[in-house]
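1. coords please:
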Amino acid sequence: QVQLVESGGGLVQAGGSLRLSCAASGRTFSNYHMGWFRQAPGKEREFVAAISSYSNTYYADSVKGRFTISRDNAKKSVYLQMNSLKPEDTAVYYCACTGTNWGLSRPSVYNYWGQGTQVTVSS
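-> Numbering: from 1, shown residues only. Predicted coordinates for the structure are as follows:
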């Protein structure tokens, strides 16, 4: 069983930055592949970024060049640095983990999810 707790969301003006954190429980964090997803009101949950246990990174086209995913296995944490934020980035952001090393952009691949953290970008 893995528990994930996100933090770092908030209200920011367009062009600003936020850093989301996700703290995980469990002894085998380093073996898990981690992802960030987001869901805006009335929309489906969408992939944002993922990082494998080998620290290979993957990004949605909409955030490439603006967001950076990273992990710290010693702290059992994964981060999402978000720069040049836009109003369309407004959503609840979720952290997730999986032991499956393929299809990391698909929500269905992930076994455990956090409760989410709200990010609001004002224009």
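
2. list the buried ones in stretch 21-36?
-> Going by neighbour count (16 or more other CB atoms under 10 Å), the buried part of stretch 21-36 is 21, 22, 23, 24, 29, 32, 33, 34, 35, 36. C-beta coordinates here come from the backbone N, C-alpha and C atoms, glycine included.

3. Look up how far residue 28 lies from the most centrally placed residue in the chain.
-> Residue closest to the mean C-alpha point of the chain, counted by CA atoms, centre = their mean, is residue 36 at 2.2 Å. Going from residue 36 to residue 28 by CB to CB, to the nearest Å gives 20 Å.

4. again with residue 43
-> Relative to residue 28, and taking CB to CB, residue 43 is found at 33 Å.

5. before we move on, what about residue 22?
-> Distance check for residue 22 against residue 28: by CB to CB, it reads 16 Å.

6. what do you get for residue 81?
-> Taking CB to CB, one finds residue 81 at 25 Å from residue 28.

7. For stretch 39-48, which outside residues touch it?
-> 35-38, 59-60, 63, 67, 80, 90-94, 104-107, 116 (CB atoms under 8 Å, 6 or more residues apart in numbering).
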